[in-house]
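Peer 1: everything below, folded, please.
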Amino acid sequence: ACAASEEPAAEAPAPAPAAPTETEEEAPEEEPSLVLPELTTVRMANVAYFGPEYVAIDQGFDEKYNLNIEIIQAASLGVPGVQAVAAGQVETFQSVGFDAWFKSINAGVDLTGIISGQISGGDFDVYRYYVREDSGIEGPEDLVGKTMGIAAVGSYGDVPMDLYLTQAGLDPSDVTRIAVPPSEIPAALINGQIDVAAAFSNLYAVLDTTYEGQARSLFRDRDVLPVDEFVTAYGFSTQYIAENPAVIAAFVAAIKDGVAFIQENPEEAQEIISGVTGAPAEGLIIPAYPAGLCLDLTHLEDYRDVLIDLGYLPAGSLPGITSNFTNEYNDAC
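Peer 2: Sure, this is the predicted structure:
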């Protein structure tokens, strides 16, 4: 009989990959990291205010992205703050109103706004205008020949006053403007050194608490603006943005974290800002912020036209202003 041949057994075929079941979920794609590869300092021109940058620094949100936001205190912002960016003295500035932007851009300064800041809304006004309780000033006609104290003559705080007067058929020059250090404005009003105080949030917190019964609000900025919301923006030079896009993205993330903290922890945020400004925490009103801190570019033309009407800008200025503002670095928009 012949013995059976011993041939090697054939290899079994590799099992086919199992088909995914309906209940299996694909692994989520990992978001790109916003953490910078090395610690980077961004200098910010700033006036003590209810700004999320202070909260971001206090809570370490800048460090979270390997960013160091360094505050450079300024006597005033507006156009000087914007020009400090153009001169390379700082990289950015505290959230600034569009009037300063437009005047600077019209003068040839190449800036780009990358994220919104505070807006008027709820109980928060960017500016309120106070008079003494016993002043007898009840309306715009009573302001003729009077003096207004403001942190920086020619800054945003002048615009609502100009609108308040012109809408009543008066001339903006009917009210004299003098520069007063912000911390001295409330006392200057009460002591009779000025007749009207142009007060941003931490100043009207003092007027409403420390000087309750001695001062009262005459009007708010949004009472006279062409839209309900006053719009602000943080910005950098266009060249800096082009050369440092990762820094811009990290900066936007840190400011947004600061705003989220303010909204989730209002009392703690008030204490942080009180420590910065010296204003009583209980009088500080939480700012309003646009959803996602997105810039509302539709408001730009309205503000430009107001500034042209008031003579802040020459007729025909800035036909393409939206080229100087972008939501490109804000993934919420």
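
Peer 1: can you list the weak-confidence ranges in the stretch 1-150 of the chain?
Peer 2: For the stretch 1-150 of the chain, the stretches with pLDDT under 70 are 1-32, 75-79.

Peer 1: cool, and the stretch 151-300 of the chain?
Peer 2: Checking the stretch 151-300 of the chain against pLDDT under 70 turns up 227-230.

Peer 1: run through the strands of it in chain order.
Peer 2: In the stretch 151-300 of the chain, the strands defined using DSSP state E, counting those that start in this stretch lie at 176-179, 196-199, 215-220, 232-237.

Peer 1: could those strands go into JSON lines alongside mean neighbour count?
Peer 2: Where you see a C-beta, it was placed from the backbone N, CA and C, and this is true even at glycine. Output for the strands of the stretch 151-300 of the chain, formatted as JSON lines (neighbours: other Cβ atoms under 10 Å):
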{"stretch": "strand 176-179", "mean neighbour count": "16"}
{"stretch": "strand 196-199", "mean neighbour count": "27"}
{"stretch": "strand 215-220", "mean neighbour count": "19"}
{"stretch": "strand 232-237", "mean neighbour count": "24"}
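
Peer 1: with distance to Gly97 added, can I get the ones you listed in TSV?
Peer 2: Output for the strands of the stretch 151-300 of the chain, formatted as TSV (distance: least, Cβ to Cβ, whole Å):
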stretch	distance to Gly97
strand 176-179	16
strand 196-199	13
strand 215-220	14
strand 232-237	5
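
Peer 1: which of the ones you listed sits closest to Asp123?
Peer 2: strand 215-220 (10.3 Å; Cβ to Cβ).

Peer 1: re the thing from before, who wins for proximity to Glu53 among the strands of the stretch 151-300 of the chain?
Peer 2: strand 232-237 (8.4 Å).

Peer 1: I figured Val96 hits Thr232, correct?
Peer 2: Yes. Contact criterion Cβ atoms under 8 Å: Val96 and Thr232 qualify, at 6.0 Å.

Peer 1: what touches both of those two?
Peer 2: Common contacts of Val96 and Thr232 (Cβ atoms under 8 Å, 6 or more residues apart in numbering): Gly117.

Peer 1: which among the strands of the stretch 151-300 of the chain is found nearest to Trp101?
Peer 2: strand 232-237 (6.9 Å).

Peer 1: report all helices and strands that that closest one contacts.
Peer 2: For strand 232-237, the contact count by 3 or more Cβ pairs under 8 Å, 6 or more residues apart in numbering; DSSP states H and E identifies helix 79-86, strand 92-93, strand 96-97, helix 98-106, strand 111-116, helix 245-264 as packing neighbours.

Peer 1: all the helices of the stretch 151-300 of the chain, residue numbers only.
Peer 2: 158-166, 185-190, 201-209, 238-243, 245-264, 266-277, 300-310 (DSSP state H, counting those that start in this stretch).

Peer 1: of all those, which one is nearest Leu225?
Peer 2: Short answer: helix 158-166, nearest of the helices of the stretch 151-300 of the chain by Cβ to Cβ, at 6.8 Å.

Peer 1: I'd like to know which of the helices of the stretch 151-300 of the chain is closest to Cys294.
Peer 2: Of the helices of the stretch 151-300 of the chain, nearest to Cys294 by Cβ to Cβ is helix 245-264, at 10.4 Å.

Peer 1: buried stuff in that closest one?
Peer 2: 246-259, 261-262 (16 or more other Cβ atoms under 10 Å).

Peer 1: what does stretch 56-65 give?
Peer 2: Those would be 56-59, 61-62, 65, for stretch 56-65 by 16+ other Cβ under 10 Å.

Peer 1: and what of stretch 83-93?
Peer 2: Within stretch 83-93, the residues that count as buried by 16+ other Cβ under 10 Å are 83-85, 90-93.

Peer 1: now distance to Ser317 too, for the residues you listed, in TSV please.
Peer 2: Conversion of the buried residues of stretch 83-93 to TSV gives the following (distance: Cβ to Cβ, whole Å):
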residue	distance to Ser317
Gln83	18
Ala84	22
Val85	20
Val90	26
Glu91	26
Thr92	24
Phe93	21
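
Peer 1: the helices in the stretch 1-150 of the chain, which residues?
Peer 2: Under DSSP H, counting those that start in this stretch, the stretch 1-150 of the chain gives helices at 52-58, 61-64, 79-86, 98-106.
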